[in-house]
Structures are given as C-alpha cells and as structure tokens.
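Student: Dropping a prediction and its sequence here:
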Amino acid sequence: MDLLDRFLRKIIREGELTLIDPSGRKRTYGRDCGTGRRATVRLADRKVVRDVLRQPKVAIGEAYMDGRLILEQGDILDLLDLATSNVPWERGGRSRKAIGRGSRKLAGALWGLNDRRRSARNVAHHYDLSDRLYDLFLDSDRQYSCAYFNDPTDTLEQAQTAKKAHIAAKLYLKPGQRVLDIGCGWGGMALYLHSQAEVDVLGITLSQEQLQVARRRAEEAGVADRVKFELLDYRNVEGRFDRIVSVGMFEHVGRRHFGQFFQKCRQLLKDDGVMLLHTIGRMGAPGLPNRWTSKYIFPGYYVPALSEMVASSEKAKLIAADVEMLRLHYAYTLEHWYRRVQDKRREIVDLYDERFLRMWEFYLASTIVGFRHGGMINYQVQYIRDRHALPITRDYMIEEEARLRS
C-alpha cells in the first residue's frame, strides 16, 4: 500500500479520492477545490493493490469487472474522471504510451495484423452481440460512432442526424452517383445518403448481425434495389465508385494495413471521386493500443495519429483536401451512451450478467475520459484523387449542410 499511497498523493491534487484498503483503513487524497469531483473506492483484497501497481491500465478495469474494486461513493466514471483530470494530455499527461520510430514498426507487427480471417473474427467479437444491447443505449438509427453537436445540449438523436448531414455535405453528392460505405454498421448512413441525395449505395460489413438488420431496413424502406448491403471485406470489393464514405471503421484496419487500405480506396475511387474518412484518432505522436480495451472490447484495434494516416494516404497519392478535428464531440456522445447504460443496468444484466455490465460501464467511462482529458480525438479527412474534383472554397459544404439541416 505504501507505493500506491505515494503514487496517489503525487497524482491526485484537485478533487478528492478516498481509498479504503483491504484492512479497512481509509486514506484521502487531494482536496475538493470546488471541482465537485469526489469518489470513494474500496479494494477487496491485497491482490488488487499488487495488480494495480504492476499493470494499472489492465488491472483497474479487471478489478472493477470482478467486483474487487468497489465504488462506495460515485461511480466508475467519477473515479476515472477524477484521476485523469489531474493529468490532462495538454499538461503533459498521456492517454496512451508514445513510442519511438523503431518501436513503432514492432508495434505495427504486434497490434496491427488484421488479415481477412482475423478481421472478421474481431468484428464478430464486438458487433455480433445482442441487438437488444445496442437498442438500449444507441439512438434510434443505431449510429455507433461520434455524433456532431451543434450545441452540447443537443439530444443524441439531434447530434447523430447532424453528424450524417455534416458528412454528406463533405461528400459533394450528386443524384445517380454510386457510393461505397465501408463499415456500414446497421445501414443508417447508407439509407440517409440515398434519401437525401438520390444516390445508389453499397454498404459492406463483416458483421452478420449488422448485415441482417441493414438489409431488413432497406427492404422496409422500399429502397433495396438502390441501397444494397454485403458481407464483404474492403479488400475484396470490385468496381469503381463516385464516392466512398467510411465512419468508425478505420480503427479496425490495423496499422500494418494502412497502406493497403488507402491503395484499395484509390483503386475503387473514380478519377474525380471524393472520399470521407471519419475515425477516432490520437493527438500527438503514434502510440500503443490500450491493453484492456484490446483484450475485452476491440481486439485488433489501433487508434491512428494523424501523421500515420496522412503518411499512408500520401503513398497512395490520395490528396487530403480537408481535415477537421472533432475535439469534444465524442465525449458528449459517450456521455449519452453511458447515461443510457446506467438507466438500463437491470436489462443489461438480464441479457448477460453483472460482470458484462461492469465491463461495458468501464469501456464507456474510460473512453469518455480519454476524450475529456486524454489524447483522444476524432478526425474527418476528405480525400480526392484529382485536385480539380471539388470547388476551390469550402462554401459548398456549408451551404449543403444548411440545406440538409433545414
């Protein structure tokens, strides 16, 4: 406990953390300072202490899942927010360990190997969970990616609709164009693009569950002849497309396959085509994935730095025509999801069990603080093959977004 005590006294300065050790002894760290950040944690056994000291980023999540790290005041979000707010990325804190150039190649080999078979298995691990689970915390369109908040007080439904409009405006769509949606989820984006711009869309996914839902939605909307969905790896897509959109899929490509991904997109994109890539990213230098997240939530994932994305797309001769950083939008999105999970705790336990519920809570809470205080961010990068493919100013984006919102 002495090592943990010294560590916490050094880290916790603002806000108040009370720790109850396995013997029942209480220790308090930090001071309230008017922040309102408070949490009381009880450690069930001494092994928790040893595990946290040895491998904190994995052990804290596992101890919470197993019921050995118990919140007696506040919840897991309060605890993680209190800890990470004291070491924000801007003041030198790092949400993920930065790595040098030599280690970066090794990291790519260890974390970025997502061949076709492994990609399908990784997707199934997360996205083929019960439909009921996603209905409990997502919006009605099942948008499982960063929303776009014109105001932090927007509802989740408003922000997810605004996200689709924001992306559609950047695609510079024309009726009759052919659009490829890489990682189409449950079909919401593809159906939206068709409804707003009269385009034909092919959505691809590696999730059997998502495919069934997306196809059913297209049938119910009477547009299955123009909005089609396939169980297909992006590497196996054939043909040419006027537009390519990919939202929340690039994190699953794997660093080792970045070059392959962009080369394939260039091959699929017509000469005057436009592509919009929306992905979670990291501020600053490349780093390593979080081991707890990779083990329990997204096996095979890799969050890219902007420098990695641009370097890989440059080699494919794709022009980054527009880059936007969404700094806080995913934190707001995740807060909505977290609150909905809290409201539906009993139903989630009935679907799975208490351990799964705590795992899901930790996943959402740790990601929230990654965007609030850590080095996490969202990027929207617009790519073109030909410098003449788009108007010379961004006015077309603003005008089209205003039209779609109205």
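Tutor: Okay, I see it.
Student: Quick one: residues contacting the residue nearest in space to the middle of the chain.
Tutor: In the chain, the residue lying closest to the centroid (Cα atoms, centre = their mean) is Ile280, at 5.1 Å. For Ile280, the contact set (Cβ atoms under 8 Å, 6 or more residues apart in numbering) comprises Cys146, Gly248, Glu251, Val303, Tyr330, Met376, Ile377, Asn378, Tyr379. Using the backbone N, CA and C atoms, a C-beta is placed for each residue, glycine as well.
Student: Can you show me the strands along the chain?
Tutor: Applying DSSP state E to the chain gives strands spanning 15-20, 26-31, 38-43, 69-73, 178-182, 200-205, 227-231, 241-247, 269-282, 319-326, 376-384.
Student: For these, give me a markdown table that also has mean pLDDT and distance to Glu220.
Tutor: Shown next, in a markdown table, are the strands of the chain (pLDDT from 0 to 100; distance: least, Cβ to Cβ, whole Å):
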| stretch | mean pLDDT | distance to Glu220 |
| --- | --- | --- |
| strand 15-20 | 94 | 49 |
| strand 26-31 | 92 | 53 |
| strand 38-43 | 95 | 46 |
| strand 69-73 | 96 | 43 |
| strand 178-182 | 98 | 18 |
| strand 200-205 | 98 | 15 |
| strand 227-231 | 98 | 11 |
| strand 241-247 | 98 | 22 |
| strand 269-282 | 98 | 26 |
| strand 319-326 | 98 | 31 |
| strand 376-384 | 98 | 30 |
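Student: got CSV for these, with distance to Arg358 too?
Tutor: Listed next are those as CSV, based on distance: least, Cβ to Cβ, whole Å:
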stretch, distance to Arg358
strand 15-20, 19
strand 26-31, 23
strand 38-43, 14
strand 69-73, 9
strand 178-182, 33
strand 200-205, 28
strand 227-231, 32
strand 241-247, 28
strand 269-282, 23
strand 319-326, 29
strand 376-384, 22
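Student: Tell me which of those strands sits nearest to Ala169.
Tutor: Comparing these against Ala169 with Cβ to Cβ, the closest turns out to be strand 269-282 (9.6 Å).
Student: burial of the residue nearest to Gly61 when sequence neighbours are not counted, as a residue count?
Tutor: Of all residues not flanking Gly61 in the chain, Trp292 sits nearest, at 4.2 Å (Cβ to Cβ, 6 or more residues apart in numbering). Neighbourhood size, Trp292 [other Cβ atoms under 10 Å]: 21.
Student: just the one 4 residues further on next, same as before
Tutor: A count of nearby residues for Tyr296, using other Cβ under 10 Å, gives 19.
Student: per-residue confidence for the closest residue to it other than its chain neighbours?
Tutor: Leaving aside its sequence neighbours, Tyr296 sits nearest to Met359 (Cβ to Cβ, 6+ apart; 5.8 Å). The per-residue pLDDT reported for Met359 equals 96.
Student: ok now do Met359, which residues does it touch?
Tutor: Taking Cβ under 8 Å, 6+ apart, we find Met359 in contact with Gly61, Met65, Tyr296, Ile297.
Student: and the gap between it and Thr279?
Tutor: Distance of Met359 to Thr279, given as Cβ to Cβ, to the nearest Å: 24 Å.
Student: before we move on, the earlier item: for Phe262, see how far away the residue nearest to Tyr296 is.
Tutor: Using Cβ to Cβ, we find Met359 at a distance of 33 Å from Phe262.
Student: Tally up the residues packed near Ala162, please.
Tutor: A count of nearby residues for Ala162, using other Cβ under 10 Å, gives 20.
Student: hang on, it packs against Ala402?
Tutor: No: here Ala162 does not reach Ala402: they are 11.5 Å apart, not a contact under Cβ atoms under 8 Å.
Student: Number of residues surrounding the closest residue in space to Lys315 that isn't next to it in sequence?
Tutor: Spatial nearest neighbour of Lys315, chain neighbours left out: Gly259 (6.0 Å); criterion: Cβ to Cβ, 6+ apart. Using other Cβ under 10 Å, Gly259 is surrounded by 14 other residues.
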